[in-house]
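>>> Sequence plus predicted model, see below.
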Amino acid sequence: MTAAAPDMSGQSPESKPVRGTGGAAAIIAGSILASRMFGIVRQSLMATYLGTTMAADAFTAAFKISNILQNLFGEGVLSASFIPVYAPLVAHGDEEEAGRVAGAVASLLVLAVSVFVLVGVLATPAIIPFIAMGFKGETRELTIRLTRILFPGAGIFVISSWCLGILNSHRRFFIPYMAPVLWNVLMIAALLAGGPRVGETELSVVLAWASVAGAGLQFLVQLPTTLKLAGRLRFTPSVREPNVARVTKNFGPVFVSRGVVQISSYIDNFIATFLPTGIVATFGYASAVVLLPVSLFGMSISAAELPDMSRTLGSDSEVAAALRQRLSRGLRHIAYFVVPSAAAFLAFGDVIAAVLFQYRKFTPQDSLYAWGILAGAAVGLLASTMGRLYSSTYYALRDTRTPLRFSIIRVALTTVLGFAFALLLPRLLGIDPHWGAAGLTASAGIAGWVEFSLLRSRLNARIGTTGVPARFVALLWLCAAIAVAAGWGVRTLTVGRNHLLGGLLVLATYGLVYLAASITAGVPEARSALARVGLRRRRPG
């Protein structure tokens, strides 16, 4: 925290209200929604043409393995380490230093990613046992082939995250969060063109190459605006400059923290490979649905808040007050949307899976297994989504180590509970091992709540009380319960009919009743949501 000082407009921080990020968050959420919807279409087509076959398992695992690079160096890590240093330089109009920092970071990133891509391609057979030990024979060989194709694309995604960091610092949110639509479009085109014509193995290879091409297109569409805004870039891979050194210093703990979190994700994938054939693919399909609320509400709000939190100036008490205000407002908005998402996963997970994926090779039984995965994910959905905003607050305070320590605890719990819930519990209960996937996501949810509680407790001790009032959360769950009852009523009337039309009616009823119930209950975020889409009446004059 820094001492209060006049900004470029001549106003001191005390005299300026906290700038809202609702518009920025709405832009990000809208862009992410478009990208995720295209992603859902992509996953739906994968389920249609690949189903839960060996090729689907191999592609899902290969994509996960190649994503090691993106997850360790990509958006979350670079944003947390780069934006808190770069954004203040932009805010103070120091274009020379901002360009020097941006250019140095880009150079270092390209060098590091190039090495990792090369090592990843060459060492794929050695990596497989650590990620997908349960794969044998043809499945293992196809996973190796697909991973080697996908690794360069993951490297391009990392470079794209540099563009995102610069664009976000300049409050340009639309382009970087809309660009993934192009990646999805190319993969959708590959599925539509190859799905009806080639076998599952060949289709998975075509899809991998389409992913690489889409990654390149996603980067190129961001590059012109990035270069224009970044100004005087100097592509010198030097860490001697003080601000570049700060970025690299921040990068280390965030890199490890992100790596630790990803270890949890890869442990889930590792465990899933020991479950029956098709579960890895089903896990991938269901994960696309789970990521929708996490991305729309957790990522969008966190991404919009981080640059402005990083710019906050003033005394310790002033900065703490501003952060509390931003955090509390963001948490309420997250809870308003994530609570009904979790309730929908619990009550209508099979309906959601049927509407999105149940065509041709994806069966009604597969939809039931997906329901189990979604219901398990609902356990920790609110915690993991709100935890993103808490982590952003720590990063804005230049504290990257505290989230790291708590993420290590989370991973340890996820590992122990994951093995117990996914592999041991089904045997003890004498149930179908397919249901171990539900235990896997539930165990991650429990660990997520522990991490969230630690993040909140430590931050409260630092800046004062934060969080969402229990009464507010209880009210949201009550509204969601009313909506679930209405949705089940419609479900009983549509049983045995077309699963697509019936499912859409159930989900539409659920959503509309939740909105109506929350408006009736006087939840401010409900009217705010309507205002964002222009449905609230304009005041005269």
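Thanks, I have it.
>>> what's the spacing between residue 225 and residue 268?
Separation of residue 225 from residue 268 (C-beta to C-beta, to the nearest Å): 36 Å. In this view, the C-beta of every residue, glycine as well, is placed from N, C-alpha and C.
>>> between these two, which one's more packed in?
residue 268 (22 against 17; other C-beta atoms under 10 Å).
>>> Nearest residue to residue 202 in space, please, no chain neighbours.
Counting by C-beta to C-beta, 6 or more residues apart in numbering, residue 194 is the residue found nearest to residue 202 once chain neighbours are left out, at 7.2 Å.
>>> I'd guessed that neighbour sits against residue 203; true?
Yes - counting by C-beta atoms under 8 Å, residue 203 is a contact partner of residue 194 at 4.9 Å.
>>> Residues in contact with both of these two, list them for me.
Taking C-beta atoms under 8 Å, 6 or more residues apart in numbering as the criterion, residue 194 and residue 203 both touch residue 49.
>>> who's more crowded, the two?
Shown here are residue 194 and residue 203; by other C-beta under 10 Å, residue 203 has more neighbours (23 against 18).
>>> Give me the distance between that one and residue 61.
On the measure of C-beta to C-beta, residue 203 and residue 61 end up 16 Å apart.
>>> Contacts only, for the residue nearest in space to the middle of the chain.
Residue closest to the mean C-alpha point of the chain, counted by C-alpha atoms, centre = their mean, is residue 295 at 4.4 Å. Taking C-beta under 8 Å, 6+ apart, we find residue 295 in contact with 32, 36.
>>> And residue 34, how far from residue 431?
Applying C-beta to C-beta to residue 34 and residue 431 gives a distance of 39 Å.
>>> Same check on residue 349?
When residue 349 is compared with residue 431 (using C-beta to C-beta), they lie 17 Å apart.
>>> and these two? which has more neighbours close in?
The neighbour comparison of residue 349 against residue 431 (other C-beta under 10 Å) goes to residue 349, with 25 against 12.
>>> Can you tell me the element that one falls in?
Using DSSP states H and E, residue 349 sits in helix 316-357.
>>> Any chance of the backbone angles for the nearest residue to residue 328 once chain neighbours are set aside?
Counting by C-beta to C-beta, 6+ apart, residue 466 is the residue found nearest to residue 328 once chain neighbours are left out, at 6.1 Å. Phi and psi for residue 466, reported as degrees, to the nearest 10, are phi -130, psi 170.
>>> swap in residue 431?
phi -110, psi 170.
>>> Show me how the record splits this structure into domains.
25-468, 473-533 (automatic domain parsing).
>>> In terms of mean pLDDT, which of those ranks lowest?
Note on those: lowest mean pLDDT is at domain 25-468, with a mean of 85.
>>> List the contacts of the residue lying closest to residue 455 once chain neighbours are set aside.
Take residue 455 and drop its neighbours on the chain: the residue closest to it by C-beta to C-beta, 6+ apart is residue 390, 4.3 Å away. For residue 390, the contacting residues are 327, 403, 452, 455, 456, 459, 466, by C-beta under 8 Å, 6+ apart.
>>> Hmm, residue 403 and the fourth one touching each other?
Yes - look at residue 455 against residue 403 with C-beta under 8 Å: they come within range, at 6.8 Å.
>>> Mind checking which of those two has more residues around it?
Set residue 455 next to residue 403 and count neighbours by other C-beta under 10 Å: residue 403 wins out with 28 against 25.
>>> secondary structure element for that one?
Counting by DSSP H and E, the element that carries residue 403 is helix 401-419.
>>> So which bits of that helix are buried?
402-404, 406-408, 410-411, 413-415, 417-419 (16 or more other C-beta atoms under 10 Å).
>>> Save the residues you listed as a markdown table, and put in distance to residue 274 too.
Shown next, in a markdown table, are the buried residues of helix 401-419 (distance: C-beta to C-beta, whole Å):
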| residue | distance to residue 274 |
| --- | --- |
| 402 | 34 |
| 403 | 30 |
| 404 | 29 |
| 406 | 28 |
| 407 | 25 |
| 408 | 24 |
| 410 | 22 |
| 411 | 19 |
| 413 | 20 |
| 414 | 16 |
| 415 | 14 |
| 417 | 16 |
| 418 | 11 |
| 419 | 10 |
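>>> what's the closest of the residues you listed to residue 130?
Set against residue 130, the nearest of these by C-beta to C-beta is residue 415 (13.5 Å).
>>> could you measure that closest one against residue 267, distance?
From residue 415 across to residue 267, the span is 5 Å (C-beta to C-beta).
>>> so what's residue 405 up against?
For residue 405, counting by C-beta under 8 Å, 6+ apart, there are no contacting residues.
>>> quick check, nearest of the buried residues of helix 401-419 to residue 360?
Distance to residue 360 across the buried residues of helix 401-419 (C-beta to C-beta) is lowest for residue 418, with 31.4 Å.
>>> pretty sure the closest one contacts residue 270?
No - with contact taken as C-beta under 8 Å, residue 418 and residue 270 are classed as non-touching, separated by 9.0 Å.
>>> end to end, how far does stretch 270-278 reach?
Terminal residues of stretch 270-278 are spaced 14 Å apart (C-alpha to C-alpha, to the nearest Å).
>>> quick one: buried residues of it?
So for stretch 270-278, counting by 16+ other C-beta under 10 Å, buried means 270, 271, 272, 273, 274, 275, 277, 278.
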